[in-house]
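# Based on what follows, work out the 3D shape:
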Amino acid sequence: MAMTNWSGPINVDNGYITPITYIYETSLNASREVKIDAGANVLILSPADGGPTSTCKLVLPLVQTINGLTFNVDNADPYFNGIKGSVLNYGSIEHTLIGATSGGTPQRVNLSTTGVKIDNACAVQWGGNGNPDAPWAAVLIPLAVAP
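Numbering: from 1, shown residues only. Sure thing, here's the model as predicted:
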């Protein structure tokens, strides 16, 4: 991949540099979960296009301090501090965005260990702050409708 000091999005003949992760029914494990990469831009396909036929969970990566000690601003996980990603659900089924499990309990998304809802016909933008105690924040955005 080429490097640049230009500050805007870079596109090439095949689209933008950030790849799209498509979620198909076959992407899911037996627990109806799929792990997504940090910074991923995810597209959940509709059932008609091979996407999930029922509710599934998208699992964000595990956030840890750099030294395994209690979180403070000096030991935030640098890999996830400031990272952003998105999910587009253009299908007709609600799904869940949840944190990875640590010690038997999922890490929180918007302070919830049960995750957050990804409504049908909505997009979710999420970001990380490197704090394993409250690692992920997400916002739900309904898709625009025709006038």
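
# what about Pro132, how many neighbours?
Close neighbours of Pro132, defined as other C-beta atoms under 10 Å, add up to 21. The way it works is simple: take the backbone N, C-alpha and C, and place the C-beta from them, glycine included.

# And Ala38, by the same measure?
Ala38 has 15 nearby residues by other C-beta under 10 Å.

# How much space separates it from Trp126?
10 Å (C-beta to C-beta, to the nearest Å).

# which neighbours do the two share?
Here Ala38 and Trp126 have Leu60, Gly85 as joint contacts, going by C-beta atoms under 8 Å, 6 or more residues apart in numbering.

# For Asn75, give me its contacts.
Counting by C-beta under 8 Å, 6+ apart, Asn75 has contacts Thr65, Ile66, Asn67, Leu69.

# pLDDT value on the spatially closest residue to the second one that is not a sequence neighbour, please?
On the basis of C-beta to C-beta, 6 or more residues apart in numbering, the spatially nearest residue to Ile66 that is not a chain neighbour turns out to be Asn75, at 4.9 Å. If you check Asn75, the pLDDT there is 84.

# Okay then, goodbye and thanks.
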